[in-house]
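Trainee: could you look at this predicted model? Sequence included:
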Amino acid sequence: MKEEFKKLLSSINREGIENLIAFIDKTDFYTAPASTRFHGSYEGGLLEHSLKVYEILKHKVEHSVIDIAVSDDSLKIIALLHDICKANYYKVDYRNAKNAEGVWEKVPYYTVDDTIPYGHGEKSVMMLTEYIKLTGEEKYCIRWHMGFTEPKELYNTIGAAFKKYPLALLLHEADLEATYFYDI
C-alpha cells in the first residue's frame, strides 16, 4: 500500500510535492492508525483509510448526479491527504486488561499525543500549505471533510461550504463510507 500511495502522490504535478513526500516519509503516516478506536485502529490503518477514501471519492465524482469538475491532482490531494494531521499524532500506551483466562496483563492501545493542537481539518490544511500551494476548493474540502461531526455551531458554515464546493460534501461522504462501510 505504501508504494501505491507514494506512486499516486508522485504523479501529482504540483510544486513542492517532492518535499511533501519527503516529509511524510519522515513521519509515521504509513504505520499510524486511522483512529484510537473508531476505524482503522491498527498499524497501517491511516494509510489504508486514505487509499480507500481516494478510491471511493474517485468513484463518487465519476458517478455524481451533478457535474464535478476536478483535476486528478486535486482529487488525489484532498482524498489521500485529508487526514495528514494524524501523522505523528498517536502513540502506543499500555493498560491492564484481563486475558481469556481471566488473568490481568498489560495490553497496548493507541492514545492521542497532539503536539500541534490546531484542530483537525484546519491542521491538515496548515500542514499541507507548508509544502504545496492548495486551491481554494482543496482547502475547503480538507477543512470541512468532517462535515456534521463538527460542533453544531458550525453547521451553517459547513452547509455554505458544501453548497459552494460540492466536492467537499463528496469527500465527507467518502470519508464516512470508508469508515463505516469498509470498517477500516
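Mentor: Nice, thanks for sending it over.
Trainee: okay, CA-based contacts and neighbour counts for the rest of this
Mentor: Fine.
Trainee: all helices for the chain, in order.
Mentor: Along the chain, the segments classed as helices by DSSP state H run 2-10, 17-25, 45-62, 72-81, 121-129, 136-143, 155-164, 166-180.
Trainee: what's the average pLDDT for the second one?
Mentor: Averaged over helix 17-25, pLDDT sits at 97.
Trainee: okay, now the unreliable bits of this structure?
Mentor: Scanning the chain for pLDDT under 70 picks out 151, 183-184.
Trainee: nearest residue to the residue minimising distance to the centre of the chain other than its sequence neighbours?
Mentor: For the chain, Asp83 is the residue whose C-alpha lies nearest the centre (CA atoms, centre = their mean; 2.4 Å). The spatial neighbour of Asp83 that comes closest, neighbours along the chain excluded (CA to CA, 6 or more residues apart in numbering), is Ser124 at 6.2 Å.
Trainee: give the residue farthest from the middle of this structure.
Mentor: Outermost in the chain, CA atoms, centre = their mean: Glu101 at 38.0 Å.
Trainee: how many neighbours does Ser41 have?
Mentor: The number of residues packed near Ser41 is 18, by other CA atoms under 10 Å.
Trainee: what's it sitting at in phi/psi?
Mentor: phi -90, psi 60 (degrees, to the nearest 10).
Trainee: tell me how far it lies from Val112.
Mentor: Distance of Ser41 to Val112, computed by CA to CA, to the nearest Å: 12 Å.
Trainee: how far away is His120 from Met146?
Mentor: Per CA to CA, His120 is found 8 Å from Met146.
Trainee: what sits against Ile116?
Mentor: Going by CA atoms under 8 Å, 6 or more residues apart in numbering, Ile116 touches no other residue.
Trainee: hmm, back to that, out of the helices of the chain, flag the one nearest Tyr90.
Mentor: helix 45-62 (10.7 Å; CA to CA).
Trainee: that closest one: how far from the chain's middle?
Mentor: Chain-centre distance of helix 45-62: 9 Å, with CA atoms, centre = their mean, to the nearest Å.
Trainee: buried ones in it?
Mentor: Neighbour counts over helix 45-62 (16 or more other CA atoms under 10 Å) mark 45-58, 60-61 as buried.
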